[in-house]
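Novice: I would like the atomic coordinates for the input below:
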Amino acid sequence: MPVPFEALIPYAIIVTMFGVTGAGLSAIKTAQNGGKKARWSLDTWDRQMMDRDRRLTGWLRGQTDAADAPYGFEYNNPWRVEKRFS
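Specialist: Got it, this is the predicted structure:
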């Protein structure tokens, strides 16, 4: 006995929504990374270099080949000064 096609409509909707959600998340991650693929398993060194690149270029994944840092980079220090006890 054949299955009526109306019974398969909810499954088609669910599969379509999974596909739309996956494509949307992929597009958002790519846009957030400046058009590059998302990075996995970042260690401390990678995070430091990505933060340095963000301070140099304005993008988390941006890189530059300029020999000199832009104006104001020397004041853009990632280290925070501790608050003193008073």
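
Novice: Could you use CA atoms for every contact and neighbour count after this?
Specialist: Noted.

Novice: For this structure, give me the ranges with low pLDDT.
Specialist: Applying pLDDT under 70 to the chain picks out residues 76, 78, 80-86.

Novice: This protein: helices as residue ranges?
Specialist: 9-32, 44-57 (DSSP state H).

Novice: Make CSV from the ones you listed and add mean neighbour count and distance to Asn77 to it.
Specialist: Compiled in CSV, the helices of the chain are given as follows (neighbours: other Cα atoms under 10 Å; distance: least, Cα to Cα, whole Å):
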stretch, mean neighbour count, distance to Asn77
helix 9-32, 12, 23
helix 44-57, 15, 9
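
Novice: How is this structure divided into domains?
Specialist: For the chain, the structural domains run 1-38, 40-86, going by automatic domain parsing.

Novice: how far out from the middle of the chain is the last one?
Specialist: To tie it back to what came earlier, the one meant is domain 40-86. For domain 40-86, the separation from the chain centroid amounts to 16 Å (computed by Cα atoms, centre = their mean, to the nearest Å).
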